[in-house]
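In: sequence and predicted model, in that order:
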Amino acid sequence: MKILSIETATPVAAVALAEGDDVSVVEASNDMHHVESLIPTIEAMTSERAWSMSDIDLIVVDIGPGLFTGLRVGVATARSLAAALGCAIAPVSSLEVLAHETVEQADRWVVIDARRREVFAQHFHASRALGEPRVMSPEVLGAAAEPRSVLVGDGAQRYRDIFESAGLTLLDDPLSPNPAAAIELVIGAKRSSGIALEAIVPQYLRDPDAVANFHVLDRFQR
Amino acid sequence: MTLTLTTTSVEQTRTLGTALASLLVPGVVVVAAGGLGAGKTAMAQGLASGLGVTDRVTSPTFTLLASHDAHNERGIRTMLHADLYRAHSGEEVDDLAIGEMVESGAVCFVEWGDRAPDVFGSERVFVTITQGQDQDERTISIANHSTVITDQDLHRVLGAWVR
């Protein structure tokens, strides 16, 4: 089975191809130029393997949480390709991919930078999620995490000072989800790939208070 | 800190925008409030000129968000210009990802930004334009809610406009 995996949840966009144990990963861009770099990277990688695009059986795509601007590119690309090629598509969570890469660390918080001085975070023990993914300030996470937990991800690194002064330990890498790990996760979990394309949407975790504070224009303002 | 200023013409409001531009650093969102015809777009145009934007700047009323290349010595490479007049929900505004994009060397001027003031992150300057006594007079309050612009600089650059 030929698999394409697309990763755009953080400023580092990456692509993986896999066929059995033969896996390759290429970093497409590390400066948010995902739109320009993603398709050329996929084309270069498939032609290097002498794959035709129509050979692809499954597309794995990270749907976040992560940067809105990146995820839109990744999810739109994955959906367009899946629709055009008629192949299966399987979504993965950015936080679950990072958790999968660090499964040897029993107790950990996976933390992705959400910008705006917030992070997306989820608590894991071994391969089990201990809670839902949430968006929060680094200070709130620093207070919530217990000292036995390690923190991993680009959000952990960005607010290293806050977490370290809260007595927490950080892993230096991985910073960003690896699209090859996303493939492992999908294959290992034997996830159903019979998912409707329309159901594959970026997972935007929002600050509920911020979006609730929306003012409808009254007649006078209009 | 909040400064309350007065302008007496559209040109002055535009010039005030240019002065405000000289205070901005990447990551700041200017949240502008004021009714139709208050002068928000004029201020955006002045701001654009102060940031070295060469595009023609008009309100992105239907597209909600426009992006202009900026050329200045303060590291601001992009001026984003949003208009929330036609926005339908806080989610829709959040989807514009303004708070996220300004962190990549950009600033943003948001017309009708008071409709969803809390989705732009923490580095914000609130500008409120209201009608003054005369038809062309405007009272403009500028409230600094950022950590990257000092109140001292705000006063130094805009103090002359206080009446």
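Out: Perfect, thanks for sending it. Nothing here was measured: the structure is a model prediction, and the numbers come from that model.
In: thought A:Ile195 was touching A:Cys87?
Out: No. A:Ile195 sits out of contact with A:Cys87 when judged by CB atoms under 8 Å, with a separation of 12.0 Å. (C-beta placed from N, C-alpha, C; glycine too.)
In: please identify the helix or strand for B:Val119.
Out: Following DSSP states H and E, there is no helix or strand that holds B:Val119.
In: buried stuff in stretch A:188-207?
Out: A:193, A:200, A:202-207 (16 or more other CB atoms under 10 Å in any protein chain shown).
In: so A:Arg79 lies in a strand, does it not?
Out: No. Secondary structure of A:Arg79 (DSSP: H, G, I helix; E, B strand; the rest coil): helix, not part of a strand.
In: show me the contacts for it.
Out: A:61, A:89, A:197, A:200 (CB atoms under 8 Å, 6 or more residues apart in numbering or on different chains).
In: and the residues you listed, which two are furthest apart?
Out: A:Val61 and A:Leu197 (10.8 Å; CB to CB).
In: please enumerate the helices of chain A.
Out: With DSSP state H as the definition, chain A shows helices at residue ranges A:34-48, A:68-85, A:94-101, A:138-144, A:154-158, A:160-165, A:179-188, A:208-212.
In: highest mean neighbour count out of the ones you listed?
Out: helix A:94-101 (a mean of 26; mean count of other CB atoms under 10 Å in any protein chain shown).
In: which secondary structure elements does that one contact?
Out: If you count contacts as 3 or more CB pairs under 8 Å, 6 or more residues apart in numbering or on different chains; DSSP states H and E, helix A:94-101 packs onto strand A:107-113, strand A:119-125, helix A:179-188.
In: okay, buried residues for stretch B:100-110 please.
Out: Neighbour counts using 16+ other CB under 10 Å place B:100-104, B:106-110 of stretch B:100-110 among the buried residues.
In: end-to-end on that stretch?
Out: 14 Å (CA to CA, to the nearest Å).
In: other residues contacting that stretch?
Out: Residues contacting stretch B:100-110 (CB under 8 Å, 6+ apart): A:32, A:67-69, A:114-116, B:24-32, B:43-44, B:47, B:51, B:67, B:70, B:75-84, B:98, B:120-121, B:123.
In: mind checking which of these land in strands?
Out: Counted as lying in strands by DSSP state E, out of those, are B:29-32, B:67, B:78-83.
In: state the distance from the closest residue to A:Pro147 other than its chain neighbours to chain B.
Out: For A:Pro147, ignoring the flanking residues on the chain, the nearest one in space by CB to CB, 6 or more residues apart in numbering or on different chains is A:Gly167 at 5.2 Å. A:Gly167 sits 25 Å away from chain B when distances are taken as CB to the nearest CB, to the nearest Å.
In: what distance separates the start and the end of stretch A:194-214?
Out: Across stretch A:194-214, first to last residue, CA to CA, it's 37 Å.
In: give me the mean pLDDT for it.
Out: For stretch A:194-214, mean pLDDT is 88.
In: up against chain B, what does chain A have?
Out: A:32, A:67-69, A:114-117, A:204, A:206-207, A:209-215, A:217, A:220-222 (CB under 8 Å from any CB of the partner chain).
In: show me where pLDDT drops low in chain A?
Out: Filtered on pLDDT under 70, chain A yields the residue ranges A:32, A:191-193, A:219-222.
In: which residue is nearest the centroid of it?
Out: By CA atoms, centre = their mean, the mean C-alpha position of chain A lies nearest to A:Ser94, the distance being 2.6 Å.
In: any idea how far that residue is from A:Gly153?
Out: Distance, A:Ser94 to A:Gly153, using CB to CB, to the nearest Å: 9 Å.
In: repeat that for B:Gln133.
Out: For B:Gln133 relative to A:Gly153 (CB to CB), the value is 55 Å.
In: for B:Val110, same thing?
Out: The spacing between B:Val110 and A:Gly153, counted by CB to CB, is 30 Å.
In: now swap in A:Val35 and tell me
Out: Separation of A:Val35 from A:Gly153 (CB to CB): 24 Å.
In: cool, B:Leu24 as well?
Out: 30 Å.
In: which one's more surrounded, these two?
Out: The neighbour count for B:Leu24 versus A:Gly153, taken as other CB atoms under 10 Å in any protein chain shown, is higher for A:Gly153 (31 against 26).
In: please name the nearest non-neighbouring residue to that one.
Out: Nearest to A:Gly153 is A:Val111, by CB to CB, 6+ apart, at 4.3 Å.
In: please apply the same query to A:Arg148.
Out: A:Asp107 (5.4 Å).
In: which ones are touching that neighbour?
Out: A:123-125, A:146, A:148-150.
In: mind redoing it with 6 Å?
Out: For A:Asp107, the contacting residues are A:125, A:148-149, by CB atoms under 6 Å, 6 or more residues apart in numbering or on different chains.
In: one more: B:Gly75?
Out: B:Pro26.
In: apply 10 Å and report the result again.
Out: By CB atoms under 10 Å, 6 or more residues apart in numbering or on different chains, the contact set of B:Gly75 is B:25-27, B:105.
In: distance of it relative to chain A?
Out: B:Gly75 is 15 Å from chain A, by CB to the nearest CB.
In: sorry, back to before: could I get the helices and strands packed on helix A:94-101 as TSV with distance to A:Ile56?
Out: Listed next are the helices and strands packed on helix A:94-101 as TSV, based on distance: least, CB to CB, whole Å:
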stretch	distance to A:Ile56
strand A:107-113	27
strand A:119-125	29
helix A:179-188	12
